[in-house]
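Q: Coordinates for the following, if possible.
(one chain, ligands or ions: 1)
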Amino acid sequence: MDTNSEPWWKTAVVYQIYPRSFCDTTGNGVGDIDGITAHLDHLGWLGVDAIWLSPVFRSPMVDHGYDISDYCDIDPLFGDLVAIDTLIDESHARDIRVILDWVPNHSSDQHPWFLESRSDRTNPKRNWYIWRAGDPSTPPNNWQAEFPPGPAWKWDDQTQAWYLHMFAPEQPDLNWAEPAVREAMYDTLRFWLDRGVDGFRMDVVHLLGKPDALPDRAKGPGRPLTEFDNQVTHEYLREIRAVLDRYEGDRMAVGEVYLLDPARVADYYGSDDELHLSFNFMPLWSEWDATVWREQIRLAADAFEPVDAWTTWVLSNHDVPRHRSRYGGNEQTARAAAVLLLCLRGTPFMYAGEEFGLLDADVPPEMAQDPAGYRDGCRAPLPWDGSSNHGWVKPDNWLPFPPEADTRNASAQMADSGSIAALYKAVLAARRRSPALQIGTQRILETHQLVLAFHRVHGTDQRIIVVNMSDEDVDSIAVGSGWQTEVRSDTTDAIAWTQSLPSQTAIILKPA
Ligand code: GLC
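A: Numbering: from 1, shown residues only. The predicted model follows:
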């Protein structure tokens, strides 16, 4: 029954922080590292095991930090190295691990490496990025950038050549085929590992291995959902893993492998010599529907279990509308989703603010910030209290607060035992008590078509989770007798389990 022999990242719940929007302590309208440290007690209260910070490194902020100009320093907007050291120490003092966001596929065009590379065709760093000479009117191939829409190539007058950028033109792709690039990037990992970070979220790692010939791609514009030369990528991932494995304490790599096919994603775990975890993003794009969920749980199990890979579950992050917004705005649905996310077999990744049941903010066009154009709503500042500043220095910040901030804020919800934040806390506590919920096997139960039900077992510990994802109350859910309620997502007082569930409600059952 002991789960201590498992690596921490298997039993952990990870909480993603978008630092620009967590909490501002300086009055510049942008969240900072000290703001995170100031709210660690909230995270301790909630009971998460690790935080992942979206990038806080030096950056011109074209893509709000995903365009890095110094991988080994903190952007002054967010603080400095002292601030991050303090955050790491204070987190560790509360048994909270710290994961940083490493962006290996591209740097900023203001990174000194790129400035050198672009300065002259004979510069020693020329080959650190992907350059192609040719005709200024015809890009070298048909690859499309993620944003803004258009070719993934920019013509550079200085040296009369094209350079590749799979994202914005200010995010030139590093040339991973160049060994010196890989060595320099591994040094950046070591820099942070030496400072005590527990792991990295690795941005779009499936894009690292570009084929030498840069052939046209069959797929047209849109999110780069296809792979490049994955054999080469796997080789790089093994090198990355070897860097982490030299450190004590299970330093972890979770990769953003943005392929919506779990079988393809599972490949990036290698034979326990590549990524430890990889995001399974199917739920970001699928409906709140029991039949759909049964299917995607099966797909994930079929992909990950046979190769002994441990999956992840994600409902929200900084790149998509929040799940409460996606699922139609009903608080009951968001509450049931919390139970589901935290009870599935795999490592759950929460996105800051989902514990308040936040909706996306309404961002007027004149306040738009996102280079991709659709991600501002989910990146709105977190409300900490009910005052006009909501715990920030000023009421007006880089983005407006989300709706209902008067009640959907930390201080109101922490004081209310019926709040969605209190529910998250209760489910996190239930999970911590139960080896079955942390690492148990998982079997889908065929009960009622409108409900998703599954059984988790580890040794003698077991739980059944039932989620009514429909708008109908469902009676007669046949899960057998001998079960009692441990946690339920609604605030009903009737906690006796009667084999029935109101619409949009989830329940955790334990043996009576
Ligand atoms: C990832 C990040 C996204 C970023 C992009 C480029 O998809 O999650 O926010 O814009 O990579 O780094």
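
Q: Who are the contact partners of residue 461?
A: 1, 434, 435, 436, 440 (Cβ atoms under 8 Å, 6 or more residues apart in numbering). C-beta: built from backbone N, CA, C; applies to glycine.

Q: One more pass at 10 Å, please.
A: Listed by Cβ atoms under 10 Å, 6 or more residues apart in numbering, the contact partners of residue 461 are 1, 3, 433, 434, 435, 436, 437, 438, 439, 440, 510, 511.

Q: Columns neighbour count, distance to residue 304 and secondary structure on top of the residues you listed, output as TSV?
A: Formatted as TSV, the contacts of residue 461 follow (neighbours: other Cβ atoms under 10 Å; distance: Cβ to Cβ, whole Å; DSSP: H, G, I helix; E, B strand; the rest coil):
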residue	neighbour count	distance to residue 304	secondary structure
1	9	23	coil
3	17	19	coil
433	14	25	helix
434	22	21	coil
435	22	19	helix
436	25	18	helix
437	26	18	helix
438	21	16	helix
439	18	14	helix
440	20	15	coil
510	19	26	strand
511	12	27	strand
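
Q: Tell me the one among these nearest to residue 248.
A: residue 3 (19.8 Å; Cβ to Cβ).

Q: Pipe the contacts of residue 461 into a markdown table and attach pLDDT and distance to residue 91 per row.
A: A markdown table is the format used below for the contacts of residue 461 (pLDDT from 0 to 100; distance: Cβ to Cβ, whole Å):
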| residue | pLDDT | distance to residue 91 |
| --- | --- | --- |
| 1 | 48 | 28 |
| 3 | 77 | 21 |
| 433 | 97 | 23 |
| 434 | 98 | 24 |
| 435 | 98 | 25 |
| 436 | 98 | 28 |
| 437 | 98 | 23 |
| 438 | 98 | 21 |
| 439 | 98 | 23 |
| 440 | 98 | 28 |
| 510 | 97 | 31 |
| 511 | 97 | 35 |
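
Q: As CSV, these with distance to residue 500 would be great.
A: What follows is the contacts of residue 461, written out as CSV (distance: Cβ to Cβ, whole Å):
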residue, distance to residue 500
1, 31
3, 33
433, 26
434, 24
435, 29
436, 24
437, 23
438, 28
439, 30
440, 25
510, 18
511, 19
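
Q: Residues of this protein that sit close to the ligand?
A: Counting by Cβ under 6 Å from any ligand atom, the residues of the chain close to the ligand are 63, 66, 103, 167, 203, 204, 256, 318, 319.

Q: Quick one: residues contacting the last one.
A: The neighbours of residue 319, taking Cβ under 10 Å, 6+ apart as the test, are 54, 223, 256, 258, 281, 284, 351, 370, 372, 374-375, 378-379.

Q: In strands only, show me these.
A: Counting by DSSP state E, these place residue 351 in strands.

Q: In ChimeraX, how would I select just the buried ones from the contacts of residue 319?
A: Applied in ChimeraX, the following selects the buried portion of the contacts of residue 319 according to 16 or more other Cβ atoms under 10 Å:
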select :54,256,258,281,284,351,370,375,378,379
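
Q: okay if I get the contacts of residue 319 as TSV plus distance to residue 174?
A: Shown next, in TSV, are the contacts of residue 319 (distance: Cβ to Cβ, whole Å):
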residue	distance to residue 174
54	19
223	20
256	16
258	18
281	23
284	26
351	27
370	23
372	20
374	26
375	23
378	28
379	25
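
Q: By pLDDT, give me the weakest of the contacts of residue 319.
A: Of all the contacts of residue 319, residue 223 has the smallest pLDDT value, namely 52.

Q: which residues touch residue 448?
A: 290, 466, 468, 470, 472, 474-479, 499-501.

Q: measure it to the ligand for me?
A: Shown here: residue 448 relative to the ligand, a distance of 37 Å by Cβ to the nearest ligand atom, to the nearest Å.

Q: and that residue, how far is that from residue 345?
A: Per Cβ to Cβ, to the nearest Å, residue 448 is found 21 Å from residue 345.

Q: what's the answer for residue 58, then?
A: 39 Å.

Q: Kindly report the same for residue 467.
A: 14 Å.

Q: same check, this time on residue 117
A: 45 Å.

Q: Looking at those two, which one has more neighbours?
A: Each of residue 117 and residue 345 has its neighbours counted (other Cβ atoms under 10 Å); residue 117 has more, 27 against 22.

Q: now the host helix or strand of the more buried one, how far from the chain's geometric center?
A: In this assignment (DSSP states H and E), residue 117 forms part of helix 112-119. In terms of Cα atoms, centre = their mean, to the nearest Å, the centre of helix 112-119 is set 31 Å apart from its chain centre.

Q: In CSV, could you pull the C-alpha coordinates for that helix?
A: Extracted in CSV, the C-alpha atoms of helix 112-119 (Å, rounded to 0.1, in the frame of the first residue of the first chain):
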residue,chain,number,x,y,z
PRO,A,112,22.9,36.8,-28.5
TRP,A,113,23.1,33.4,-30.3
PHE,A,114,20.7,34.6,-32.9
LEU,A,115,22.2,38.0,-33.2
GLU,A,116,25.6,36.4,-33.9
SER,A,117,24.1,33.8,-36.2
ARG,A,118,22.3,36.4,-38.4
SER,A,119,25.3,38.8,-38.4
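
Q: So that it lines up with my notes, have the first residue be 57 from now on.
A: Renumbered: residue one is now 57, and that last one reads helix 168-175.

Q: pLDDT on it, on average?
A: 98.

Q: Beyond it, next helix or strand please.
A: Later in the chain than helix 168-175, the nearest helix or strand by DSSP H and E is strand 187-188.

Q: Name the residue of the stretch 307-456 of the chain with the shortest distance to the ligand.
A: The ligand sits closest to residue 375 of the stretch 307-456 of the chain, with a gap of 4.8 Å, by Cβ to the nearest ligand atom.

Q: meant to ask about the chain
A: residue 122 (3.4 Å).

Q: For residue 267, which residues are in contact?
A: Residues counted as contacts of residue 267 (Cβ under 10 Å, 6+ apart) are 233, 284, 285, 287, 288.

Q: Wait, residue 62 touches residue 496, no?
A: No: taking contacts as Cβ atoms under 10 Å, residue 62 lies outside contact range of residue 496: 11.6 Å.

Q: what residue ranges in the stretch 407-556 of the chain score low on pLDDT?
A: Along the stretch 407-556 of the chain, the parts satisfying pLDDT under 70 run over 549-551.

Q: how about a cut-off of 50?
A: The stretch 407-556 of the chain contains no residues with pLDDT under 50.

Q: Can you tell me the centre-most residue of the protein?
A: The centroid of the chain falls nearest to residue 373 when counting by Cα atoms, centre = their mean (5.3 Å).

Q: tell me which residues in the helix or strand where residue 292 lies are buried?
A: Using DSSP H and E, the element containing residue 292 is helix 286-301. For helix 286-301, the neighbour count (16+ other Cβ under 10 Å) marks 286, 288, 289, 290, 291, 292, 293, 295, 296, 297, 299, 300 as buried.

Q: now the helices for this structure?
A: 64-67, 89-94, 96-102, 137-149, 168-175, 235-250, 286-301, 318-322, 346-360, 379-382, 387-399, 466-470, 476-489, 491-495 (DSSP state H).

Q: All good on my end, thank you.
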